[in-house]
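Asks: for reference, the sequence and a predicted model appear below.
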Amino acid sequence: MNTKALLEPMGSWAWWRSWILIFVGCSIMGAGFVLFINPYNFVPGGVYGMGIVLHNIFPSIQVGTFGYMFDIPLMFTALLVFGGQFGTRTVLAALYTPGFMNVLTRLVYPSAEAVESLDPALLLGGRLDLSHDLLLTCVIGAVVVGVGQGLVVRQQATTGGTDILGMLLQKFAGIKFSTGIFLADGFVVLSGLAVIGFGVGTGEAASNGWMLTLYSLITIWISSRVVAYLLDGASYDKLLFIISDHHDQLKRFIIDDLDRSATYIKSKGMYTDASRDMIFLVISRKEVHVVQHKIKEIDPRAFVVVTDAYETFGEGFKQFPDKNEIKAE
């Protein structure tokens with residue numbers, strides 16, 4: 001019975017789709033690091049950011065290998081805290097990503113010496129050398145890494161590292177997932193400033209160390225926004241409070257035309273001391289202008305307040321999240 005329960009999900013497209021997206025996301029994230037982050041000594045936090053810092057001290061060890069060193073203990077933590085299914089996904093994603101990075105690094109550099117130096121002039125024979133436009137490079141790298149990370153986290157998995165720390169902070173301290181990652185990554189960036197910017201442990205400080213730290217912070221912020229977009233979306237709902245004397249027409253419009261419902265809230269005017277019903281209505285952002293024009297048509301003297309409804313759960317909107325579902329905000 002247990003074996004059947006274990007194998008049954010494998011017959012569904014959702015199961016296969018989830019795993020495909022995990023490995024695609026890990027591959028995108030790994031490519032972002034190898035092509036746009038590692039060669040330029042950006043330190044965008046996480047275990048791979050710390051791997052970049054340590055690679056400057058121990059150039060014979062690849063960044064992905066340092067990822068294994070940090071990820072293994074953190075994966076055990078994920079197994080204990082988030083359960084078997086989540087832990088399995090975390091283990092496989094965290095084991096795949098550093099290995100993919102190491103293999104891709106050897107493919108895009110011509111020799112072992114080039115792998116140690118990570119010189120962007122040698123990357124793909126110099127065809128992808130963006131050393132003269134570091135701002136563009138950090139933006140591209142941040143978007144690529146954020147897309148990959150977001151795809152993985154959407155499948156209730158993680159690539160390991162500070163992802164796990166962010167989830168632990170969200171679960172036990174009530175800190176937003178993206179905020180937790182930002183705090184953990186801040187420590188890694190400071191380490192990068194010390195090693196790359198001031199030469200601690202290497203004896204050679206980069207001439208543009210301060211600028212690299214700035215680019216690293218930009219990379220962290222952009223990638224965290226991309227992750228938040230992929231997790232929660234960008235189109236927030238709108239909340240309308242409508243005070244009008246034409247409730248029957250508004251009711252027909254809301255129910256028949258919008259195919260929605262609304263709620264009457266008892267209210268009382270402070271100046272007139274008159275009691276009336278206020279309509280409480282949640283709609284999508286795309287519907288705001290339609291509703292505004294219709295209200296103006298029905299009752300030009302209506303009083304309407306429009307505000308953001310960051311998340312809306314229930315019939316016609318989003319489903320309530322599961323207990324351990326990851327939220328970016």
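Replies: Everything's here; your move.

Asks: in the chain, which spans are helices?
Replies: Using DSSP state H, the helices of the chain run over 2-7, 13-32, 46-57, 63-82, 84-108, 112-117, 134-154, 162-173, 177-192, 209-232, 247-252, 288-298.

Asks: which of these sits most buried?
Replies: helix 46-57 (a mean of 24; mean count of other C-beta atoms under 10 Å). To be clear about C-beta, it is placed using only N, CA and C from the backbone, and glycine gets the same treatment.

Asks: can you add distance to residue 201 and mean pLDDT and give the helices of the chain back as a markdown table?
Replies: Shown next, in a markdown table, are the helices of the chain (distance: least, C-beta to C-beta, whole Å; pLDDT from 0 to 100):
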| stretch | distance to residue 201 | mean pLDDT |
| --- | --- | --- |
| helix 2-7 | 47 | 48 |
| helix 13-32 | 26 | 90 |
| helix 46-57 | 4 | 91 |
| helix 63-82 | 14 | 82 |
| helix 84-108 | 22 | 84 |
| helix 112-117 | 16 | 92 |
| helix 134-154 | 23 | 92 |
| helix 162-173 | 21 | 75 |
| helix 177-192 | 10 | 80 |
| helix 209-232 | 13 | 85 |
| helix 247-252 | 68 | 91 |
| helix 288-298 | 55 | 87 |
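
Asks: so what does the closest residue to residue 137 other than its chain neighbours have for phi and psi?
Replies: Counting by C-beta to C-beta, 6 or more residues apart in numbering, residue 137 lies nearest to residue 130, which is 4.3 Å off, once chain neighbours are set aside. Main-chain torsions, residue 130, degrees, to the nearest 10: phi -110, psi 30.

Asks: got it, and residue 59?
Replies: With angles defined as degrees, to the nearest 10, residue 59 sits at phi -60, psi -20.

Asks: residues near it, how many?
Replies: Residue 59: 14 surrounding residues under other C-beta atoms under 10 Å.

Asks: you'd agree it is up against residue 114?
Replies: No. With contact taken as C-beta atoms under 8 Å, residue 59 and residue 114 are classed as non-touching, separated by 11.0 Å.

Asks: distance of the closest residue to residue 148 other than its chain neighbours from residue 63?
Replies: Leaving aside its sequence neighbours, residue 148 sits nearest to residue 29 (C-beta to C-beta, 6+ apart; 2.9 Å). Note on residue 29: its distance to residue 63, by C-beta to C-beta, to the nearest Å, is 13 Å.

Asks: that's all I had, so thanks and see you.
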